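>>> generate coordinates for the sequence data below:
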Amino acid sequence: MTVRELAEGLRLEILTGEAGLGRHVEHGYASDLLSDVIGNALENSVWITVQRHVNILGVAKLKNLVAIITPRGLKIEDELIERAKVEGIVLLRSEWPAFEIAGMVYAVLKKA
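Alright, predicted model coming up:
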């Protein structure tokens with residue numbers, strides 16, 4: 001499943017344009033602790049987090065994550081979105097709480 005297919009299927013808002021939407025999603029990970037993500041997230045995962053600062057981009061690049069999903073319609077500063085575009089990291093946003101997003105990501109990846 002591609003990032004685009006995941007975003008469309010779960011009605012996620014794409015914040016960073018078209019770049020990276022063709023990458024394949026193999027796993028998901030939900031955590032707000034950066035060291036936890038560094039230690040445990042698998043490559044080619046989507047990461048669900050409420051964190052919205054520049055350090056999440058570094059973690060995503062380090063772990064080769066395919067996208068970051070922010071829950072609850074949380075505001076993401078334009079500066080972070082622009083930096084994510086430069087770094088080639090897809091930022092997605094949902095109105096759903098993180099718990100529901102994790103369940104939906106799990107369900108669609110299990111079917112794929």
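>>> quick one, strands of the protein?
Remark: strands assigned in the chain by DSSP state E are 13-14, 27-30, 45-48, 67-70, 90-93.
>>> now mean pLDDT and distance to Gly103 too, for these, in JSON lines please.
The way it works is simple: take the backbone N, C-alpha and C, and place the C-beta from them, glycine included. Formatted as JSON lines, the strands of the chain follow (pLDDT from 0 to 100; distance: least, Cβ to Cβ, whole Å):
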{"stretch": "strand 13-14", "mean pLDDT": "98", "distance to Gly103": "19"}
{"stretch": "strand 27-30", "mean pLDDT": "98", "distance to Gly103": "10"}
{"stretch": "strand 45-48", "mean pLDDT": "98", "distance to Gly103": "10"}
{"stretch": "strand 67-70", "mean pLDDT": "98", "distance to Gly103": "13"}
{"stretch": "strand 90-93", "mean pLDDT": "98", "distance to Gly103": "16"}
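>>> out of those strands, which comes closest to Ile81?
strand 90-93 (6.1 Å; Cβ to Cβ).
>>> what pairs with that closest one, parallel or antiparallel?
strand 13-14 (antiparallel), strand 67-70 (parallel) (DSSP bridges).
>>> skip the chain neighbours and tell me the closest residue to the most centrally placed residue in the chain.
When Cα atoms, centre = their mean is applied to the chain, the residue found nearest the centroid is Ile68 (1.8 Å). Closest residue to Ile68 apart from its sequence neighbours, by Cβ to Cβ, 6 or more residues apart in numbering: Trp47 at 5.0 Å.
>>> tell me what Thr2 is bridged to.
His24.
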